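Enquirer: Below are the sequence and a predicted model; questions follow.
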Amino acid sequence: MGFVLGWQWVGLRLAVGVFLVFFVAYVVGRFTDHETISPVPPPETEDPEFGASIWSAWLKSLWRLSKAVIPEYLVLVCLLGAVRAWLFPAVTPNVNGVSWTVALAFTGTLFVIPTAGEIPIVQTLMSFGLGVGPAAALLTALPALSLPSLLMLYKTMPVRALAVTWFAVFLASILSAGAASLLGF
C-alpha cells in the first residue's frame, strides 16, 4: 500500500485498524451477553485412542462446515456481483464529498474482497477521479467485513453484536475519510 498509494495511507490504515481491533472488540464484548453465544457443537467422534484419528475427525468437521457455508457464500457473492453495477456507478471527477463517502462506506461493508484486494481497486478508482474521502472509506470498509461474513456468523453470534460491529466499521470508514481529507492526502 505504501508504494502504490503512499505511506500516509499506511499510517491511516494502521490507526483505524488498531481502533477497530481493540476498541470495537471491547464495545462488542460489552454489548454481548456471553451466555448467548452458541459455539458450534463438537462433532460426535470416536476417541482417537480407539480407532478414529484426529485427522479423520478434523476432515469430518471440515466437510460438515463446508456443506453449510460454501453454498451460502457462493449465493451471496453471486447476488452481490449481480448488483455491483448499480452500487458502484461509473466514476467521474465529481465522485467526492460526504454523500459519496457515506455511500461507499456503506457499500464497502457489503462486498467480499480478498486481503489487499482493496488496494488496486481504490488505486484504479482514484485514477478515474474518485476523491480522497470516498477512497479512504473504501480502504477501511472493504477489508474489514462483508455481508456474507456477517450472515454466516448470525447462527453463532448475537445479532446485536453483529450490528454493533457493522456500525462500528461503517462509522470508522466515515471517520477515516474525514481524517484523510483533513490531512490532505
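Expert: Yep, that arrived. Numbering: from 1, shown residues only.

Enquirer: any idea of the mean pLDDT for stretch 16-27?
Expert: Mean pLDDT, stretch 16-27: 89.

Enquirer: nearest residue to the residue nearest the centre of the chain other than its sequence neighbours?
Expert: Nearest residue to the geometric centre of the chain (Cα atoms, centre = their mean): L145, 1.3 Å. By the measure of Cβ to Cβ, 6 or more residues apart in numbering, the closest residue to L145 outside its immediate chain neighbours is V169, 5.4 Å from it. Any C-beta I mention is one placed from the backbone N, CA and C, and that applies to glycine too.

Enquirer: wait, doesn't the residue nearest to the centre of the chain sit right on A168?
Expert: No. Between L145 and A168 there is no contact under Cβ atoms under 8 Å: 9.5 Å.

Enquirer: separation between L175 and S149?
Expert: Applying Cβ to Cβ, to the nearest Å, the value for L175 to S149 is 21 Å.

Enquirer: same question but for S56, I mixed them up
Expert: 29 Å.

Enquirer: Which positions within the longest helix belonging to the chain qualify as buried?
Expert: Longest among the helix segments of the chain by residue count, using DSSP state H, is helix 54-87. In terms of neighbour count (16 or more other Cβ atoms under 10 Å), helix 54-87 has its buried residues at A57, Y73, L76, L80.

Enquirer: can you check stretch 136-151 too?
Expert: Applying 16+ other Cβ under 10 Å to stretch 136-151 flags 136-148, 150 as buried.

Enquirer: for the lowest-mean-pLDDT helix or strand in the chain, the distance to its chain's centre please.
Expert: Least confident helix or strand, the chain: helix 54-87 with a mean of 79, by mean pLDDT, DSSP states H and E. When C-alpha coordinates are averaged (Cα atoms, centre = their mean, to the nearest Å), helix 54-87 and its chain have centres 16 Å apart.

Enquirer: going forward can the numbers begin at 44, since that is how I track them
Expert: Sounds good: first residue 44 from here, last item helix 97-130.

Enquirer: Next secondary structure element downstream of it?
Expert: helix 141-151 (DSSP states H and E).

Enquirer: helices or strands up against that next one?
Expert: Applying 3 or more Cβ pairs under 8 Å, 6 or more residues apart in numbering; DSSP states H and E, one finds that helix 141-151 contacts helix 175-187, helix 202-225.

Enquirer: what about the shortest one, average pLDDT?
Expert: Here helix 175-187 scores 91 as its mean pLDDT.

Enquirer: Could you do the longest one as well?
Expert: Helix 202-225 shows an average pLDDT of 92 in the prediction.

Enquirer: what sits up against it?
Expert: Helix 202-225 is contacted by residues 52, 55, 58-59, 62-63, 66-67, 70-71, 74-75, 144-145, 147-149, 151-152, 175-184, 187-188, 193, 196-197 when judged by Cβ atoms under 8 Å, 6 or more residues apart in numbering.
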